[in-house]
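Q: return atomic coordinates for the entry below.
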Amino acid sequence: MKTKKIIYLILTIFLGIMLSFIIHAWLEMFIIKSAFAQGKMVKGSIFFGIGWCALPFWAQFTFPILGIVGGYFLGQTWWRIVYIEKRHWRLRKNK
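A: Numbers count the residues shown, from 1 in each chain. Predicted structure coming up:
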């Protein structure tokens, strides 16, 4: 593999991880707000040994794994579209 492609894949995996943490935070806020609106107590657990989390234990590990896998496949797809098939916005703008 070329160095450029490796860097491209690492950056899209990082993007996938960041998006998974944003989705995690949004979902956790939704759960906490709906529980408080109903007057219920929120059960939580320790998130990666660092902080408290309202999501179930399996979801705490599923979101980052989905972010890594999704970022990898997104990087592969974007690499094919941009560098192999040469389909990107700069070529469409000149037509």
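Q: could you use CA atoms for every contact and neighbour count after this?
A: Fine.
Q: point out where the chain drops to low pLDDT.
A: 1, 47-49, 89-95 (pLDDT under 70).
Q: which stretches of it form strands?
A: In the chain, the strands defined using DSSP state E lie at 45-47, 51-53.
Q: ok, which of the ones you listed comes nearest Gln76?
A: strand 45-47 (30.1 Å; C-alpha to C-alpha).
Q: on that earlier part again, between the strands of the chain, which gets nearest to Leu74?
A: strand 45-47 (26.5 Å).
Q: thinking His24 is in contact with Phe63, fair?
A: Yes - here His24 reaches Phe63: they are 6.9 Å apart, a contact under C-alpha atoms under 8 Å.
Q: quick one: Ile10 and Gly75, what's the gap?
A: 8 Å (C-alpha to C-alpha, to the nearest Å).
Q: more neighbours: which of those two?
A: Gly75 (23 against 16; other C-alpha atoms under 10 Å).
Q: who's in contact with Leu55?
A: By C-alpha atoms under 8 Å, 6 or more residues apart in numbering, the contact list for Leu55 reads 28, 31, 44-45.
Q: for it, phi and psi?
A: The phi and psi values for Leu55, taken as degrees, to the nearest 10, are phi -80, psi 160.
Q: if I look at it, how far off is Glu28?
A: Distance from Leu55 to Glu28, by C-alpha to C-alpha: 6 Å.
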